[in-house]
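[1] Okay, here's the prediction I keep looking at, along with the sequence it came from:
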Amino acid sequence: MLTKTAGLAARIRAACVSEKAHRGHTLIEMVLVTALVTGGSSIAYPQLSSLTEGYRVKNAGRRVMLELQRARLRAISEGKCVRVSFDAATKTYRIEKSKTATCSTTSSFPDQESSKQLDDGDTISVGAAGNPVFTPRGMSLTSSITTIRGRSSSISIKVDATGRVYAS
């Protein structure tokens, strides 16, 4: 019985010693794993970059929609005309408020917020067909379409005559 226990103890010690001897990784294994990770990353990067560009376009579109809705609500709550002006060259927009409740497309809008940037990079472009002017009743004097484009995706934000803002 003692010999069986001694034999078992010897086998356990041998197994432990062999595990300790193989704890580390060789240089070849590390280089191989690094090469596989680098290769996988180089294949996946173009796919990931196109995804982030799509997210940027959607995010800019949501931001423009929210600002247009905010401008409409501001016109209703303050009882004054509010215009959202887009500058396609600088990719900025600003909300402008008139002093009176009478609106026209040629009205002056002296109260202006500072310009807000749509995108911090060069991934999107902005095109605006008209700057919407919201009346104190929430209507829009003109219909307008703002298009935000990326390399592979785009979103159009429309304001109809009733003041409704929607994306397509």
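    Nice, thanks for sending it over. What you see is a predicted model, and the numbers here were worked out from it, not measured in a lab.

[2] Would you map the helices across the protein?
    2-21, 27-78 (DSSP state H).

[3] What residues are bridge-paired with residue 144?
    residue 159 (DSSP bridges).

[4] How many residues are close by it?
    20 (other C-beta atoms under 10 Å). Quick note: C-beta positions are derived from backbone N, CA and C, even for glycine.

[5] isn't it right next to residue 134, touching?
    No: look at residue 144 against residue 134 with C-beta atoms under 8 Å: they stay out of range, at 10.7 Å.

[6] Deepest in the core, which of the helices of the chain is it.
    helix 27-78 (a mean of 14; mean count of other C-beta atoms under 10 Å).

[7] and that one, what does it pack onto?
    strand 82-87, strand 92-97, strand 133-134, strand 144-149, strand 154-159, strand 165-167 (3 or more C-beta pairs under 8 Å, 6 or more residues apart in numbering; DSSP states H and E).

[8] Redo those as JSON lines? Include distance to residue 33 and mean pLDDT.
    Shown next, in JSON lines, are the helices and strands packed on helix 27-78 (distance: least, C-beta to C-beta, whole Å; pLDDT from 0 to 100):
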{"stretch": "strand 82-87", "distance to residue 33": "50", "mean pLDDT": "86"}
{"stretch": "strand 92-97", "distance to residue 33": "47", "mean pLDDT": "86"}
{"stretch": "strand 133-134", "distance to residue 33": "59", "mean pLDDT": "90"}
{"stretch": "strand 144-149", "distance to residue 33": "41", "mean pLDDT": "84"}
{"stretch": "strand 154-159", "distance to residue 33": "41", "mean pLDDT": "89"}
{"stretch": "strand 165-167", "distance to residue 33": "45", "mean pLDDT": "89"}
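
[9] Ranking the ones you listed by mean neighbour count, which comes first?
    strand 133-134 (a mean of 27).

[10] elements contacting it?
    Using 3+ C-beta pairs under 8 Å, 6+ apart, strand 133-134 sits against helix 27-78, strand 82-87.

[11] 7 Å instead?
    helix 27-78 (3 or more C-beta pairs under 7 Å, 6 or more residues apart in numbering; DSSP states H and E).
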